[in-house]
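Undergrad: Provided below for reference: sequence and predicted model.
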Amino acid sequence: MQDKVWIFDTTLRDGEQALKASLTEEDKIQLAHTISRLNVDVMEVGFPVSSPADFRAVQRIAAEVKGPAICGLARAVSKDIDACGEALKGAEQRRIHTFIATSPLHLEHKLRMSLDDATNMAIKAISQARKYTDDVEFSCEDAGRTPHADLCRIVEAAINAGASTINLPDTVGYVTPDEYAAMIYHIRNNVPNIDKARLSVHCHNDLGLAVANSIAAVQAGARQIECTINGIGERAGNCSLEEVAMIMKMRQDHLKVHTDIRSEEIYRASRQVAKICNMPVQPNKAIVGENAFAHSSGIHQDGVLKAQNTYEIMAPETVGVPSNQLNMTSRSGRHVIEHRLTELGYQKSDYDMDSLYESFLALADQKGTVYDYDLEAMIYFNQIKDKDERYQLQFVNASSNSQSIASATVGIALNGELKQEAATGNGPVEAAFVAIERITGMAVEVVEYNLDATGKGASSLGQVDIIAKFDGKQYHGVGLAADIVEASVRAMIRVYNLIDRAQKVSSLKQQRKAG
Ligand SMILES: CC(=O)SCCNC(=O)CCNC(=O)[C@H](O)C(C)(C)COP(=O)(O)OP(=O)(O)OC[C@H]1O[C@@H](n2cnc3c(N)ncnc32)[C@H](O)[C@@H]1OP(=O)(O)O
Ligand SMILES: CC(C)C(=O)C(=O)O
């Protein structure tokens with residue numbers, strides 16, 4: 001039987017500390033339900049003494065969210081422990097987590113006290129916490145920079161006072177995996193009552209080692225990892241939950257431990273945290289990044305098409321990602337194009353691969369990713385030329401200020417004839433989109449709108465990326481201009497031109513079938 005490693009999620013406490021805007025009570029409740037679906041063992045959801053709103057959020061989560069033990073953080077201070085104990089009263093399983101710094105640096109400069117004073121405060125705090133619950137965790141803040149002998153003294157006292165979990169955080173992400181493992185071994189071998197407590201680790205990512213350190217600690221005998229979804233947290237963040245959970249799942253053969261995490265819930269949880277916390281996930285982030293299961297180069301795509309595990313160590317579904325992605329770019333080869341066209345219902349006899357591939361590369365070099373509708377258009381038109389586009393922007397005039405409704409007038413040459421319309425909206429971009437809709441007579445649904453600056457400083461260009469839906473299909477338009485309203489309009493007109501091309505393709509397809 002393999003040992004279990006407890007997963008202690010602190011997204012709503014340490015993760016929340018790093019946000020530009022703290023989470024509302026409702027946000028916290030929603031995320032707490034999501035986190036509990038992951039089947040974490042403990043969920044640290046706030047610092048109740050810190051504000052009335054945080055107290056209420058912890059109190060509501062304690063009452064509403066079932067499953068994991070609900071935990072609150074408290075300094076080794078009487079009022080913090082009372083606030084924590086009171087806030088957690090409604091929880092089926094509650095944990096009070098109290099801490100005090102133990103490194104010489106923190107003791108001397110921050111707390112301005114000796115290790116003995118800190119030990120006495122810890123003992124008092126733990127004893128007080130035990131009046132509220134049997135489940136008390138004690139952390140030696142900045143353990144990573146604390147002499148091992150000092151850690152042994154305070155840890156032994158904390159266990160004697162009633163702590164059942166001992167956490168040794170690398171608060172500033174300073175230590176290396178071998179040093180961290182050595183610290184865990186030292187505590188296990190030199191604290192006489194250590195068998196009465198579970199050893200926990202809490203790693204920060206200042207040197208990018210939070211996950212590696214947590215795994216090294218598990219290999220040295222730690223049995224709880226504190227972590228956050230997407231690795232959010234103070235400064236460079238915390239150890240990322242999805243990464244440690246998947247390391248322990250995928251490498252059980254080597255690590256000989258398991259967790260109870262429901263890995264299929266990971267992707268959903270990650271997206272929700274990113275959205276609600278307004279902290280986008282970097283595309284190349286392990287497990288949950290947009291590219292984590294995307295293959296863009298021809299050799300990889302060919303490999304994955306022949307046997308998925310050539311370039312995928314885990315199936316995307318294992319973490320709740322619906323499927324892998326084969327991006328068609330100028331680094332793609334013929335195999336993936338043929339595969340995609342087969343999926344779209346084409347046979348080899350419908351196209352000449354050599355000339356299609358030539359057009360494909362020209363387009364991919366020009367615009368980056370090539371989409372299904374581009375491929376189909378290439379089959380029917382062989383080449384795609386901008387000058388053949390149905391809608392050509394002639395001008396855009398927009399006005400907005402803080403006191404009145406925004407308005408915009410857009411002029412488009414439609415098959416060579418100028419059409420113009422004016423409209424109002426919540427902002428100039430919306431007004432311009434309504435004007436375009438009136439000109440084209442077609443309403444599209446904007447699924448995503450992203451505005452980015454290309455270049456430096458005030459002279460940078462605005463780049464707008466739009467994903468829009470029409471008739472059940474998605475289209476991607478990009479627009480670049482010094483003026484962000486113009487960039488938005490250009491992106492939207494691109495979308496309309498793609499729809500127009502798709503419609504032409506579809507009627508050509510029908511003609512071909514009929515003929
Ligand atoms: C490593 C970590 O992530 S620890 C958690 C960090 N999270 C937070 O700080 C978020 C919540 N914090 C807060 O809301 C506030 O800081 C509070 C309510 C806790 C305290 O606010 P204030 O009383 O105004 O104090 P302030 O935050 O300015 O300073 C912290 C005080 O706590 C003391 N302190 C710090 N850690 C501890 C501890 N573990 N136990 C006892 N005292 C502590 C500091 O020495 C300082 O005391 P001083 O006022 O005597 O100098
Ligand atoms: C309170 C402790 C666990 C902490 O957040 C840290 O040391 O980073």
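TA: Everything's here; your move. Ligands and ions are numbered 1, 2, ... in the order given.
Undergrad: show me what from the stretch 51-200 of the chain comes close to ligand 1.
TA: Within the stretch 51-200 of the chain, the positions lying close to ligand 1 (Cβ under 6 Å from any ligand atom) are R75, A76, V77, F99, I100, K110, L111, E141, T171. C-beta coordinates here come from the backbone N, C-alpha and C atoms, glycine included.
Undergrad: what strand or helix carries D374?
TA: Element membership of D374, judged by DSSP states H and E, is helix 372-381.
Undergrad: and C71, helix, strand or coil?
TA: strand (DSSP: H, G, I helix; E, B strand; the rest coil).
Undergrad: if I read this right, it contacts R94, doesn't it?
TA: Yes - between C71 and R94 there is a contact under Cβ atoms under 8 Å: 7.3 Å.
Undergrad: mind giving me the domain split of the chain?
TA: 3-276, 335-383, 391-508 (automatic domain parsing).
Undergrad: what's the end-to-end length of the longest one?
TA: Its first and final residues considered, domain 3-276 spans 34 Å by Cα to Cα, to the nearest Å.
Undergrad: C71 and R94: which has the busier surroundings?
TA: Taking other Cβ atoms under 10 Å, C71 and R94 do not tie; C71 has more neighbours (30 against 23).
Undergrad: so who does the residue of the stretch 201-350 of the chain at minimum distance from ligand 2 touch?
TA: Ligand 2 sits closest to H202 of the stretch 201-350 of the chain, with a gap of 4.5 Å, by Cβ to the nearest ligand atom. For H202, the contact set (Cβ atoms under 8 Å, 6 or more residues apart in numbering) comprises F8, T10, D14, S139, N167, L168, P169, D170, T171, E226, N238, C239.
Undergrad: so which of those also contact ligand 2?
TA: D14, S139, N167, P169, T171.
Undergrad: narrow these to those in strands?
TA: Counting by DSSP state E, the ones next to ligand 2 among the contacts of H202 place S139, N167, P169 in strands.
Undergrad: I figured the second one hits F138, correct?
TA: Yes - if you go by Cβ under 8 Å, N167 and F138 touch, sitting 7.0 Å apart.
Undergrad: neighbour count for those two, which is higher?
TA: Neighbour count, other Cβ under 10 Å: between N167 and F138, F138 has more, with 29 against 24.
Undergrad: does S359 belong to a helix, a strand or coil?
TA: Per three-state DSSP, the secondary structure class of S359 is helix.
Undergrad: what is the burial count for it?
TA: Neighbours of S359 using other Cβ under 10 Å come to 19.
Undergrad: so it is in contact with I379, correct?
TA: No - applying Cβ under 8 Å, one finds S359 not in contact with I379, separated by 9.3 Å.
Undergrad: about what we covered before: just flag the most distant two among the residues of the stretch 51-200 of the chain next to ligand 1.
TA: Across these, no pair lies farther apart than V77 and T171, at 18.2 Å, counting by Cβ to Cβ.
Undergrad: show me which of these two is the more surrounded one.
TA: Shown here are V77 and T171; by other Cβ under 10 Å, T171 has more neighbours (23 against 16).
Undergrad: grab the nearest non-local neighbour of the more buried one.
TA: Of all residues not flanking T171 in the chain, D142 sits nearest, at 4.5 Å (Cβ to Cβ, 6 or more residues apart in numbering).
Undergrad: wait, doesn't the one you found sit right on V172?
TA: Yes - using Cβ under 8 Å, D142 is in contact with V172, at 6.7 Å.
Undergrad: which of those two has more neighbours?
TA: Counted by other Cβ under 10 Å, D142 and V172 do not tie: D142 has more neighbours, with 23 against 19.
Undergrad: state the pLDDT value of that one.
TA: Per-residue pLDDT puts D142 at 98.
Undergrad: kindly report the same for T369.
TA: Predicted confidence (pLDDT) at T369: the value is 86.
Undergrad: ditto for D388
TA: 70.
Undergrad: what's the closest non-adjacent residue to it?
TA: Distance criterion Cβ to Cβ, 6+ apart; nearest residue to D388, sequence neighbours excluded, is F381 at 7.9 Å.
Undergrad: repeat that for K256.
TA: Using Cβ to Cβ, 6+ apart, the nearest residue to K256 is Q2, at 5.3 Å.
Undergrad: now that neighbour: how far from ligand 1?
TA: Distance of Q2 to ligand 1, computed by Cβ to the nearest ligand atom, to the nearest Å: 31 Å.
Undergrad: picking up where we left off before, ok, then the element right after the strand or helix carrying the residue of the stretch 201-350 of the chain closest to ligand 2?
TA: Using DSSP H and E, H202 sits in strand 198-203. Counting by DSSP H and E, the element after strand 198-203 in chain order, helix or strand, is helix 210-219.
Undergrad: run through who's touching that next one.
TA: 5, 168, 170, 173, 175-178, 180-181, 184, 199, 201, 203-205, 222, 225, 227, 231, 237-240, 243-244, 247-248, 255, 257.
Undergrad: from those, keep the buried residues only.
TA: Among those, the ones that count as buried by 16 or more other Cβ atoms under 10 Å are 5, 168, 170, 173, 175, 177, 180-181, 184, 199, 201, 203-205, 222, 225, 227, 231, 237-240, 243-244, 247-248, 255, 257.
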